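Q: sharing a model that was predicted from the sequence below.
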Amino acid sequence: MSVSLKISGVSKVFDKNVALNNVDLQIQAGEFVCLLGPSGCGKSTLLRLIAGLDRPSEGKIYINDRDVTNLPPSRRNFGIMFQSYALFPNLSAFENVAYGLRNKKMKSKDIQERVDRLFEMIKLTSAKDRLPSQMSGGEQQRVALARALATEPDFLLLDEPLSALDAKVRISLRKEICNIQKELNLTTIMVTHDQDEALTMADRIVVMNKAVVMQEGTPEEIYEHPENPFVADFIGSINFIDKEKSKVYDLGNYERVAIRPEKIEITRNPSDNVLRGRITDIEFRGFYDRVSVQVSHVLYGDMVLYVDVPFQTAKEMKFRVGENVYVNLPKEELLCFE
Ligand code: ATP
């Protein structure tokens, strides 16, 4: 069974250090939510409170509308997976996964069946009898996932589960975790500071900073419509343009506009509403080039805009450092902040 979770007015203070400040959050049954934010913003503290490993200073936590604020972890029925695989080094992969079931005095035959099924799910049947030291980091983390799922928890908590792995393994494990989560329809909360991970895995992202929630929404909403400069800057790349430099557009009461580098058009042809500039740097980034353009518009003053040029366009246009170009900031792509 999958459960809904509700965090209501939760604060956590350590001595005088406010780790969480009046956080409200609702998580639907079966939803995959990522808590995303810089180091120290309070995301692990929130996860620990949901697990019951710590108590809030204020506020309440509900599982399926039942107040669990004072329930110990053992009575909240969740699975948890950390950055360090934390497998028992002296037990085989199979016994690591079976551990919680043996503790629950499940029958041997039932344990065998369930653990076999979990190894199929993590596609690691051939490694069942190996010790953790005989497995790669990615394999150990898959075993840790199977172990977290073994007791058929109501929800799953993931604390930076992929950060210790190399890029390739991380990307394939992202997909596997998502597939398993969807197959089981298991309410899942993952802590990460990695925006790509959050954007690719989450149904909903909760962006945190300095103990508060800055914005929550689907990955598309967060990327396309950031509500404040922090979110715009933390997720993806962004050019900020201050009000006094942006008189080209009527900003009304807005203090600041911003635009993502991939939304800026760069050309050699002057036309309406474009700014003249000079290329000061070109960085090869694989599937795109990041071009720095020093803009010398009378109203913008001197500022550098980053422009992301897709690989194919970059190849055709052959831009060079030092050449003069024109950039267009389409009005509909501008993000405005008060
Ligand atoms: P990271 O990504 O670095 O793990 P985080 O967003 O998970 O960061 P938390 O670990 O939740 O951040 O910490 C939030 C704040 O609370 C930090 O300022 C931290 O120093 C403080 N904090 C966390 N745990 C404790 C504790 N047990 N005692 C005192 N202060 C703590």
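A: Now that the structure is in, tell me what you want to look at.
Q: domains of the chain?
A: 5-233, 239-337 (automatic domain parsing).
Q: the first one: how far from the chain's middle?
A: In terms of CA atoms, centre = their mean, to the nearest Å, the gap separating the centre of domain 5-233 from the centre of its chain is 12 Å.
Q: tell me if that domain is near the ligand.
A: Yes - for a cut-off given as CB under 6 Å from any ligand atom, domain 5-233 has contacts with the ligand, namely 14, 17, 19, 37, 39-45, 193. Where C-beta positions appear, they are placed from N, C-alpha and C, glycine not excepted.
Q: out of the domains of the chain, which is the most enclosed?
A: domain 5-233 (a mean of 18; mean count of other CB atoms under 10 Å).
Q: mean confidence for it?
A: Regarding domain 5-233, the rounded mean pLDDT is 94.
Q: ok, back up a step: so which of the residues of domain 5-233 next to the ligand would you say is closest to Ile111?
A: Ser44 (31.9 Å; CB to CB).
Q: now name the helix or strand holding the closest one.
A: helix 43-51 (DSSP states H and E).
Q: ok, and what's touching that helix?
A: 5, 7, 10, 12, 19-20, 23, 25, 35-37, 54-56, 61, 73, 76, 78, 80, 157, 159, 189, 191, 193, 208 (CB atoms under 8 Å, 6 or more residues apart in numbering).
Q: next SSE after that helix?
A: strand 58-63.
Q: what's in contact with the next helix or strand after that following strand?
A: The helix or strand immediately downstream of strand 58-63 is strand 66-67, counting by DSSP H and E. Identification of contacts with strand 66-67 by CB under 8 Å, 6+ apart yields 60-61.
Q: at 7 Å instead, please
A: Residues outside strand 66-67 that contact it (CB atoms under 7 Å, 6 or more residues apart in numbering) are Lys60.
Q: pull up the pairing partners for the helix or strand following that strand, direction included.
A: With elements assigned by DSSP H and E, the helix or strand that comes after strand 66-67 is strand 78-81. Sheet pairing for strand 78-81, assigned by DSSP bridges, gives strand 155-159 (parallel).
Q: residue in the stretch 51-200 of the chain nearest to the ligand?
A: His193 (5.1 Å; CB to the nearest ligand atom).
Q: so how far is Ser292 from that residue?
A: Relative to Ser292, His193 is positioned 26 Å away (CB to CB, to the nearest Å).
Q: next, Glu262: phi, psi?
A: Backbone torsions of Glu262, given as degrees, to the nearest 10, read phi -80, psi -10.
Q: these two touch, right, it and Val307?
A: No - counting by CB atoms under 7 Å, Glu262 stays clear of Val307, with 8.2 Å between them.
Q: ok so, going back, for the residue of the stretch 51-200 of the chain closest to the ligand, what are its contacts?
A: Counting by CB under 7 Å, 6+ apart, the residues that His193 touches are 36-39.
Q: OK, contacts around Phe32?
A: So Phe32 contacts 181, 188, 201-203 (CB under 7 Å, 6+ apart).
Q: mind listing which of the residues you listed are in helices?
A: 181, 201 (DSSP state H).
Q: which of the contacts of Phe32 lies closest to Arg117?
A: For the contacts of Phe32, the nearest to Arg117 is Gln181 (16.2 Å; CB to CB).
Q: my guess is the closest one meets Thr188, correct?
A: Yes - if you go by CB under 7 Å, Gln181 and Thr188 touch, sitting 5.1 Å apart.
Q: what ranges does the stretch 201-338 of the chain have for its strands?
A: Shown for the stretch 201-338 of the chain, the strands assigned by DSSP state E, counting those that start in this stretch span residues 204-209, 212-217, 239-242, 256-259, 265-267, 275-284, 288-297, 301-310, 324-328, 335-337.
Q: quick check: bridge partners of Leu156?
A: Gly79, Thr188.
Q: now for it: which residues touch it?
A: So Leu156 contacts 78-79, 148, 186, 188 (CB under 7 Å, 6+ apart).
Q: and which of the residues you listed is nearest to Leu91?
A: Ala148 (15.5 Å).
Q: returning to what we had before: next up, phi/psi of the residue of the stretch 51-200 of the chain closest to the ligand, please.
A: phi -110, psi 10.
Q: what does Leu173 give?
A: Dihedral angles (degrees, to the nearest 10) for Leu173: phi -70, psi -30.
Q: return the distance of the residue most central in space within the chain relative to Cys34.
A: With distances taken as CA atoms, centre = their mean, Ala198 lies nearest the centre of the chain, 2.2 Å away. In this view, Ala198 and Cys34 are 4 Å apart by CB to CB.
Q: as a whole number, average confidence for stretch 270-285?
A: 86.
Q: how about the CA coordinates for that stretch, as CSV?
A: C-alpha atoms of stretch 270-285 as CSV (Å, rounded to 0.1, in the frame of the first residue of the first chain):
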residue,chain,number,x,y,z
PRO,A,270,21.6,43.0,-37.4
SER,A,271,17.8,43.2,-37.4
ASP,A,272,15.1,44.7,-35.1
ASN,A,273,15.5,44.6,-31.4
VAL,A,274,18.9,43.0,-31.3
LEU,A,275,22.0,44.0,-29.2
ARG,A,276,25.4,44.3,-30.7
GLY,A,277,28.2,42.5,-28.9
ARG,A,278,31.6,40.9,-29.2
ILE,A,279,32.4,37.3,-28.5
THR,A,280,34.9,37.1,-25.6
ASP,A,281,34.9,33.3,-25.0
ILE,A,282,33.6,30.0,-26.5
GLU,A,283,33.4,27.0,-24.3
PHE,A,284,32.9,23.5,-25.8
ARG,A,285,30.2,21.7,-23.8
